[in-house]
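Enquirer: with the sequence up front, the predicted model follows.
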Amino acid sequence: MNGPSVALVRSGAVAGALKRPRAGLDWALAGVAIALLLLGLIMISSASMTPADRVYGDPFHFFWRQLVHVALGVLAAVLALRLPLQLWARLSLALFGLGLLGLVLVLLPGVGREVNGSMRWMDVSGFSVQPSEFIKIFMILYVASYLARRSEEIRSAWRGFARPLVVLGAVVMLLLLEPDYGASVVLSATIVGMLFLGGVPIGRFLVCALAMGALFGLIILLAPYRLERVASFLHPWTDPFGSGFQLTQALIAIGRGEWFGVGLGSSVQKLFYLPEAHTDFLFAVLAEELGFVGILLVVSAFAFIVWRAFLIARRAERMAQPFAAYTAYGLGLLLGLQGFINIGVNLGVLPTKGLTLPLMSYGGSSMVASCLSVGLLLRVDLEARRGR
Amino acid sequence: MSARNKTYSPARSGFVLCLMSLAALGLLWRAVDLQLIDKTFLQRQGDARFLRVVSSPAHRGRILDRHGESLAVSTPVDSIWVCPPTFVTERHRWGLLEPLLGLDEAALERLILDRMDREFLYLKRHVAPGLADRIAELSLRGLHRQREYRRYYPSGEVAAHVVGFTNVDDVGQEGLELGFDDRLRGVQGSKRVIRDRLGRTVEDVERISAPRSGRDLVVTIDRRIQYVAHRALKSAVKRHRAKSGSIVVLDSRSGDVLAMANDPAYNPNNGAERTGERFRNRAVTDVFEPGSTVKPFIVAAALETGWVVPETRLDTRPGLFRVGKYTVRDLRNYGVIDIRSVLKKSSNVGASKLGLSMPPGRLWRLLSGLGFGNATDIHFPGEARGMLPSYHDWGEIHQATLSFGYGLSVTPLQLARAYTAIATGGWLHSPTLVQTRERVPARRIMSERTALAVRNMLEAVVARDGTAPKAHVPGYRVAGKTGTVRKPIPGGYADDRYVAAFVGIIPASAPRLVAVITIDEPRGKEYYGGDVAAPVFTEVMSSTLPLLGVAPDEPTLLAKRIDLSEDPAVLTGAPSRRPEPGFVEAAWQPGDFNRGPEQWNLAP
């Protein structure tokens, strides 16, 4: 099922290699990403089979759809691999504008679709699109190009540092209107991280970081259901059949896994006990079926992706490709943070947020966005090694 | 190029990488904590949620007749139950159940909504498995099924009183189902299963105990004879517009109860019919004053003293006899008659005089030895013991009335038991209803000589000039006794309400069967035992004896061929397993005949 996608990636690499013999694809990164992709597909079919059979009468209902998502994602990755970063830099503002437009549109009744109390989805030519997944990448591109263009101003003036924060604030506002708290946190942390890596003086950075922390705290206090979520994650067993239900079920699933898991397909918790078993809580099912070994593999894979992204970013810095470098930093942070936060939520160390596990969870927009991120990373690597 | 140097910040990116690594390590530590250290707590929590101990029903033992024909069997059925709080989420689809369960939606709504605090509610018990499949196919949330067994009684009302029935929970309520519930019931098994959140069993984890099926109960009833007895009794009760009736057929040689039927009966397969007093197995639970049917025992007691012989003559003139301030009456003045005629004419005066001629203790000992006042050993729930007052309490009048069957009470089964002593030459056989290895041994109650003499006298009762010519069974010699008993009412005895009874022993030359028939309150023109109860005996025996392959012993009718296949009722009621002795001419053996009356001639 991934034969064609591998072939596509390879043909792209071959085409590039023919032009510039020195530059090859980073197969380690691509391999890890593909491995996560496949593992995700397997886990989705395992986790969703029983509910899919019950609700849709087809145990592979979610599997087939996710296969389409993966195909689209691979297509997006190949596209990113073939387009020069210069193009992304030039289009960054326009893409950011498009992302903002999406965020606004999804809030409009009739355009956006409400699921579980959140306006996160809208239909674009038959596909259900989640703009918040794409604004993350577009914002990274926008900030990367901003940092590349105004590196002096950022280091010397409050203004240079404040401007991206104001833009971030606006985006977060839109995200919170949906509401999509998870995306806001991931995006904010990523952008702040990018600014830190962009050379903002430590003092100013700390002041801003504190201010943002206070702001998030305020947001939590203002919306009580978030407070409830925060409280329930700290003490899930005080109300295991109410606010702590999902988390306790996830923890039970993880606890059942032990070293090597109960075996692929043998999860009990996926049998209607654990809600969102194939999306946000896919990791818990993986932990139950594959055990600590599975967790170790997935966490290591995400750590590897982050490490590789930073390696690529540094190489790009050395090659004086600041836009590429900041893009790689941002994407690495995005993939790593989102992955770790999702895993943290599953393990009960972070509040439940509604975040997907990149490259693995069920969801079209999430899949395409994370594939696109990997594709961009590979492109940055390619260009840094070509020295262009 | 200066910009390049400034953007190169290995320290910061290293710091961020460190943070990310710490995060990864933190997550891994947390995973270790959950999966390898805290796992017991979590797994126990999980087990508490999806591990369930479910019981697996045990198959209830069958009740079989003496030839292995089924009288009660259990068939698997499904019961449909719901968990109201979950089931209510499917409210929009409740209508689908309407045609399947025959529950209209409004009733269903009331049923469910009133019980939202429960987690278990039967929607319908005992649904045929096919229908249950179709209901399960609707996959309604919160609706489940459960395997159970339903009791089915193939012989319907024919053996209803003996077999009894179980309730919806498979617990015996009446009859043998109640009396032998422990043996029939078996032991429920239990197993641990994993249930998904919708309550469906996903996996059997372990079997805690296997269900143990109940044991079959083999009874002494012969379904074919039971059918014949039931049918004959039912038609007699109907014909005489009687209140009720009972019949007991015993194998006199063993005490086996071959048939025991009552009317009115009920269909144990139909819950709606299970009402009121129809349940009672009157042959065992109801007592009556035996009236003239005890006279043979008075005669036997008198013969046992040795002071009288069958030819001893008694003066019954003028047809009445004063005992203190009471008067014992005969139907008419029989004059001076021998003891044989006391039985043949059923003379109350003669019986009283005989009874009074004996010391009370002797009379009591015989009656008590015959089992009057004592329960039988069939262990039937609700069995009545009857009543035989102690002879210390007897006055003269009591001893006199006792001699023609008043002042004591018996069940039809007790009466049949007493007659086995006459049938078998003095041995009392305890009735047996359930086949067991241990039988109560027969007891000698009277001398063989006395028993044969009484049996010989009782043959005269069925003669043309006796009280029960209608008990004649073609081809067979019959010994019998009628009884027409006034029913007690407050302050005395009723003039117009009787129990008509007949006890028969057949074939009289070598008895095989004893039958007691009682018809309570016949309301037609006829009410004598010889007119109401005796024909039932004839009807039952003329079918039963050929069924059992009993050779005819009445020589005059041996040439007659009795072809059972012409009687469709017998065929449907008694599916044959063995070669039927439908043609009886070959069954008779001259030896039976040769042991003729001269052997019984006890004249001194």
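Expert: The structure has been received and is ready for your questions.
Enquirer: CA atoms for contacts and neighbours, from now on please.
Expert: Fine.
Enquirer: shaky segments in the stretch 451-600 of chain B?
Expert: In the prediction, the stretch 451-600 of chain B carries residues with pLDDT under 70 at positions B:555-600.
Enquirer: mind listing what the lengthiest strand in chain B pairs with, with the direction of each?
Expert: Taking DSSP state E as the criterion, chain B has its longest strand at strand B:492-506. Sheet pairing for strand B:492-506, assigned by DSSP bridges, gives strand B:479-489 (antiparallel), strand B:513-520 (antiparallel).
Enquirer: can you spell out which helices and strands pack onto the helix or strand just after the shortest one?
Expert: The one in question is strand B:513-520. Later in the chain than strand B:513-520, the nearest helix or strand by DSSP states H and E is helix B:529-532. With contacts defined as 3 or more C-alpha pairs under 8 Å, 6 or more residues apart in numbering or on different chains; DSSP states H and E, helix B:529-532 has these neighbours: strand B:479-489, strand B:492-506.
Enquirer: so for the longest one, what gets flagged as buried?
Expert: The one in question is strand B:492-506. B:497-506 (16 or more other C-alpha atoms under 10 Å in any protein chain shown).
Enquirer: hmm, who's touching it?
Expert: Applying C-alpha atoms under 8 Å, 6 or more residues apart in numbering or on different chains, the contact partners of strand B:492-506 are B:288, B:290, B:293, B:416, B:419, B:423, B:476-488, B:511-522, B:527-530, B:532-534, B:537.
Enquirer: select only the buried ones of those in ChimeraX?
Expert: Buried subset of those, written as a ChimeraX selection, criterion 16+ other C-alpha under 10 Å:
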select /B:288,290,293,416,419,423,476,477,478,479,480,481,482,483,484,485,486,487,511,512,513,514,515,516,517,518,519,520,521,522,527,528,529,530,532,533,534,537
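Enquirer: how many residues are close by the nearest residue to B:L140 once chain neighbours are set aside?
Expert: Residue nearest to B:L140 in three dimensions, not counting chain neighbours: B:E90, with 6.5 Å by C-alpha to C-alpha, 6 or more residues apart in numbering or on different chains. A count of nearby residues for B:E90, using other C-alpha atoms under 10 Å in any protein chain shown, gives 15.
Enquirer: and for B:L123?
Expert: B:L123 - counted by other C-alpha under 10 Å - has 18 other residues nearby.
Enquirer: now do the SS call for it.
Expert: Put simply, B:L123 is strand when judged by DSSP: H, G, I helix; E, B strand; the rest coil.
Enquirer: how much space between it and B:D133?
Expert: B:L123 sits 15 Å away from B:D133 when distances are taken as C-alpha to C-alpha, to the nearest Å.
Enquirer: A:F138 too?
Expert: In this structure, A:F138 and B:D133 are 55 Å apart, going by C-alpha to C-alpha.
Enquirer: if you count surrounding residues, which of the two has more?
Expert: A:F138 (24 against 13).
Enquirer: contact partners for the residue lying closest to the more buried one once chain neighbours are set aside?
Expert: Of all residues not flanking A:F138 in the chain, A:F96 sits nearest, at 5.0 Å (C-alpha to C-alpha, 6+ apart). Shown in contact with A:F96 (C-alpha under 8 Å, 6+ apart): A:135, A:138-139, A:141-142.
Enquirer: ranges for the strands of the stretch 151-300 of chain B?
Expert: Using DSSP state E, counting those that start in this stretch, the strands of the stretch 151-300 of chain B run over residues B:189-195, B:201-209, B:217-218, B:244-251, B:257-263.
Enquirer: which of those strands has the lowest mean pLDDT?
Expert: Lowest mean pLDDT within the strands of the stretch 151-300 of chain B: strand B:201-209, a mean of 71.
Enquirer: where does the stretch 1-150 of chain A dip in pLDDT?
Expert: If you take pLDDT under 70 as the line, the stretch 1-150 of chain A has these spans: A:1-23.
Enquirer: where along it do the strands fall?
Expert: A:112-115, A:118-124, A:127-129.
Enquirer: check what pLDDT A:Q321 gets.
Expert: A:Q321 carries a pLDDT value of 86.
Enquirer: what's the local residue count around the closest residue to it other than its chain neighbours?
Expert: Take A:Q321 and drop its neighbours on the chain: the residue closest to it by C-alpha to C-alpha, 6+ apart is A:A384, 7.4 Å away. A:A384 has 23 neighbouring residues, counting by other C-alpha under 10 Å.
Enquirer: and the stretch 101-250 of chain A, which residues reach chain B?
Expert: Applying C-alpha under 8 Å from any C-alpha of the partner chain, we find that the stretch 101-250 of chain A lies next to chain B at A:151, A:193, A:196-199, A:249.
Enquirer: give me the mean pLDDT for the helix or strand containing A:V380.
Expert: Secondary structure assignment for A:V380, by DSSP H and E: helix A:364-386. Average pLDDT, helix A:364-386: 90.
Enquirer: alright, that wraps it up for me.
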